[in-house]
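Participant: Generate a structure from the sequence data that follows.
(one chain, ligands or ions: 2)
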Amino acid sequence: MRITDTSDLWWKTAVVYCLDVETFMDWNDDGIGDFEGLSHRLDYLAELGVTCLWLMPFYPTPDRDDGYDIKDFYGVDPRLGHFGDVVEVIRTARDRGMRVIVDLVVNHTSDKHPWFLASRSSRDSPYRDFYVWRDEPPAEQQATAFPGQEESVWEYDEKTEQYYLHRFYRFQPDLNVVNPKVRDEVAKIMGFWLQLGVAGFRVDAVPFFLDTVGVEPGHGELADPLGFLRYLRGFLGRRSGEAILLGEVNLPRKDQVQYFGGDIADGLTMQFDFIGMQNMYLSLARADVRPLAAALSERPVLPVEAQWANFVRNHDELTLDKLTDEERQEVFAAFGPEPDMQVFGRGIIRRLPSMLRGDPRRIRMVYSLLFSLPGTPVLFYGEEIGMGEDLSAGDRQAVRTPMQWTAERNGGFSSARPSKLPAAVVGDGFSPTHVNVADQRHDPDSLLHFIRRLIQRYRASAEIGWGEFRVLKQPNNAVLAHTVSGDEGLMFAVHNFSPDPTTVTLSIEGESPPMRLVDLLRDNSAVTDDKGVLQLSLEGYGFRWLRIVNPGEKRLF
Ligand code: NOJ
Ligand code: CA
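Facilitator: Ligands and ions are numbered 1, 2, ... in the order given. A predicted model of the protein is given here:
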């Protein structure tokens, strides 16, 4: 690998930061976060070490699913700003070394989108086939994404006396992906935002979007969902050499891998590792790293351009849908035992620090893990300062509270009256009095400083993004010892999932012992014995990142 490869395939060593403009920073004090506010926080994000911003939907919307119900793909929600502000953010971010990707939500529109209004106005509307209509719902119905909140994925329309498909809420009718006109529109939407300077898209609900179930048979080639994905990737490449598709695909590995598009990586550039994430929580609950180690070891090997995106939490529920019922119950019992902490029977609506009862050692251990696992880390705003959630907001809203900048009113997010805010600021132990950016910026021992250091080390260790992953054998199941290695180098990481201190014995192969290892996170080093055996002591929830220093080593440590 040449060093320039890390800049061409920039996403493989990126630090992605997801935020919702609406809840990040309010500059005109009307209570709603805005693009201008975000532009004033770009230096903060750059200082943290973020290299890619993922902006959640900021398009015009009735806002019944936090903006994932879009009524104009070519617009900006006027509450958040206008195109001028968006372009200023994209440009300024670029100057600060950050690319911007935006949510591409094309499985469905809002039921207030002009296409749907036209579609439902008459069976003869030229837009009728933009959506999926049936006289009767099929006998075998697909499951709704929101059990308990929706009963069916088909909704009857009185006026035209047919049912339309909606894989999500009934106010989010599914677009008909086999309609060539819809396909053209999807490409046009992508082209539009690329022209404004975005570096790609976080693609919402990919398997639903590409799924042709529910569409009448007889569409021949158009019914090949992956063919359409390949087309979109080709289109993206023609419009921008650097742009990526980061896809949301929560499926078992064997189904998920298809969406990367095979050996030549002509599908999604990156996919979130939902399986790894869910098994990480199972491992945390059990203080046994085997589920996580297995989930990581079973990852299919990807073509060089493709990449896994690792995450601890996102804006949705912490879904545990790919665990067995018993495993899910274990995680519920450990991290979300009360009914008001759960949603859809499958997930937890809390953030990490509250799940870990605020234990700083354990919280840091998890983030150390996130930044040392092979792949690209994705942070959800507020994770860097250890924000908690507001359970009283209910459901997925619990983690979508305003960013906590200072200890002042509204956490410094806005000076508007609290009732004007899109969501209440978190109270109690995780309130802005205890958790805010301003205090942590001045405290070298804060979580914020710790995450910044992790980011620096991660960015200087391209093997994490590029290298091969291996679990090192050692007898303690509470400890994950792994290496990531490639042309770029080799790094060891050791994480203790248990509160008990321990000593790990590792056999380091391949070099001539005794070998010196430098500690990448603190001022420390370790030496193997003359058989290459290393004894490492770890505190409860302790962790280390180490690298072998060979004689004549040119790399900086
Ligand atoms: C997945 C998004 O992450 C979620 O927030 C949204 O509700 C659904 N897709 C529907 O767009
Ligand atoms: Ca505002």
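Participant: pull the helix or strand with minimum mean pLDDT from the protein.
Facilitator: strand 525-527 (a mean of 85; mean pLDDT, DSSP states H and E).
Participant: Flag every buried residue along it.
Facilitator: Buried residues in strand 525-527, counted by 16 or more other CB atoms under 10 Å: Ala526. (Glycine included, C-beta is placed from N, CA and C.)
Participant: Direction included, what does that strand pair against?
Facilitator: When sheet partners are counted by DSSP bridges, strand 525-527 sits next to strand 516-519 (antiparallel).
Participant: what about the strand it pairs with, average pLDDT?
Facilitator: Here strand 516-519 scores 91 as its mean pLDDT.
Participant: Contacts for it, please.
Facilitator: 492, 508, 524-528, 534, 544-549, 557 (CB atoms under 8 Å, 6 or more residues apart in numbering).
Participant: which of the residues in that strand are buried?
Facilitator: 516-518.
Participant: which intervals of the stretch 1-150 of the chain have sub-threshold pLDDT?
Facilitator: Counting by pLDDT under 70, the stretch 1-150 of the chain contains no low-confidence range.
Participant: for ligand 2, what are the nearby residues on it?
Facilitator: Within reach of ligand 2 by CB under 5 Å from the ion, the stretch 1-150 of the chain has these residues: 26, 28, 30, 32, 34.
Participant: Going through those, which ones are buried?
Facilitator: The buried subset of those (16+ other CB under 10 Å) comprises 26, 32, 34.
Participant: could the residues you listed be laid out in a markdown table, adding secondary structure and distance to Thr503?
Facilitator: Output for those, formatted as a markdown table (DSSP: H, G, I helix; E, B strand; the rest coil; distance: CB to CB, whole Å):
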| residue | secondary structure | distance to Thr503 |
| --- | --- | --- |
| Asp26 | coil | 50 |
| Ile32 | coil | 53 |
| Asp34 | coil | 52 |
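Participant: And these, which is closest to Glu326?
Facilitator: Ile32 (43.4 Å; CB to CB).
Participant: can you pull the contacts of the closest one?
Facilitator: By CB under 8 Å, 6+ apart, the contact list for Ile32 reads 22, 26, 79-80, 414, 420-422.
Participant: And the buried ones among the contacts of strand 516-519, selectable in ChimeraX?
Facilitator: In ChimeraX, this line selects whichever of the contacts of strand 516-519 come out buried by 16+ other CB under 10 Å:
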select :492,508,526,528,534,544,545,546,547,548
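Participant: Show the overlap between the contacts of strand 516-519 and what lies near ligand 2.
Facilitator: Answer for the contacts of strand 516-519 near ligand 2: none qualify (CB under 5 Å from the ion).
Participant: Going by distance to ligand 2, which of the contacts of strand 516-519 wins?
Facilitator: Trp545 (40.5 Å; CB to the ion).
Participant: Can you check the pLDDT for the closest one?
Facilitator: What the model reports for Trp545 is a pLDDT of 97.
Participant: and the host helix or strand of it, what does it pack onto?
Facilitator: If you go by DSSP states H and E, Trp545 is part of strand 543-549. Secondary-structure packing of strand 543-549 (3 or more CB pairs under 8 Å, 6 or more residues apart in numbering; DSSP states H and E): helix 360-372, strand 489-496, strand 516-519, strand 533-538.
Participant: what residues are up against the closest residue to ligand 1 within the chain?
Facilitator: Nearest residue of the chain to ligand 1: Tyr68, at 3.5 Å (CB to the nearest ligand atom). Contacts for Tyr68 were tallied using CB under 8 Å, 6+ apart; they are 57, 103, 105, 168, 172, 204.
Participant: Among those, which one has the most neighbours?
Facilitator: Val105 (27 neighbours; other CB atoms under 10 Å).
Participant: State the phi and psi torsions of the nearest residue to that residue once chain neighbours are set aside.
Facilitator: What sits nearest to Val105 in space, not counting adjacent residues and going by CB to CB, 6 or more residues apart in numbering, is Asp204, at 4.2 Å. Main-chain dihedrals, Asp204, degrees, to the nearest 10: phi -70, psi 140.
Participant: cool, and Arg357?
Facilitator: The phi/psi pair for Arg357 (degrees, to the nearest 10) is phi 50, psi 30.
Participant: residues in contact with the residue nearest to Val105?
Facilitator: By CB under 8 Å, 6+ apart, the neighbours of Asp204 are 68, 103-107, 248.
Participant: rerun at 7 Å
Facilitator: Shown in contact with Asp204 (CB atoms under 7 Å, 6 or more residues apart in numbering): 68, 103-105, 107, 248.
Participant: hmm, who's touching the least confident helix or strand of the chain?
Facilitator: Taking CB under 7 Å, 6+ apart as the rule, strand 525-527 contacts 514, 516-519, 534, 536, 546.
Participant: what about 6 Å?
Facilitator: 514, 516-519 (CB atoms under 6 Å, 6 or more residues apart in numbering).
Participant: Would you convert those into a markdown table that also reports distance to Gly540?
Facilitator: A markdown table is the format used below for the contacts of strand 525-527 (distance: CB to CB, whole Å):
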| residue | distance to Gly540 |
| --- | --- |
| Pro514 | 29 |
| Arg516 | 27 |
| Leu517 | 22 |
| Val518 | 24 |
| Asp519 | 18 |
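Participant: Which one of these is nearest to Tyr367?
Facilitator: Asp519 (17.0 Å).
Participant: ok, the closest one to Phe557 distance?
Facilitator: 9 Å (CB to CB, to the nearest Å).
Participant: could you dump the strand holding Trp545 to CSV, C-alpha only?
Facilitator: Below are the C-alpha coordinates for strand 543-549, written out as CSV (Å, rounded to 0.1, in the frame of the first residue of the first chain):
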residue,chain,number,x,y,z
PHE,A,543,-7.0,-1.9,27.9
ARG,A,544,-3.8,-1.4,26.1
TRP,A,545,-2.8,-0.6,22.5
LEU,A,546,0.8,-1.8,21.7
ARG,A,547,3.1,-1.8,18.7
ILE,A,548,6.3,-3.7,18.2
VAL,A,549,9.3,-1.4,17.8
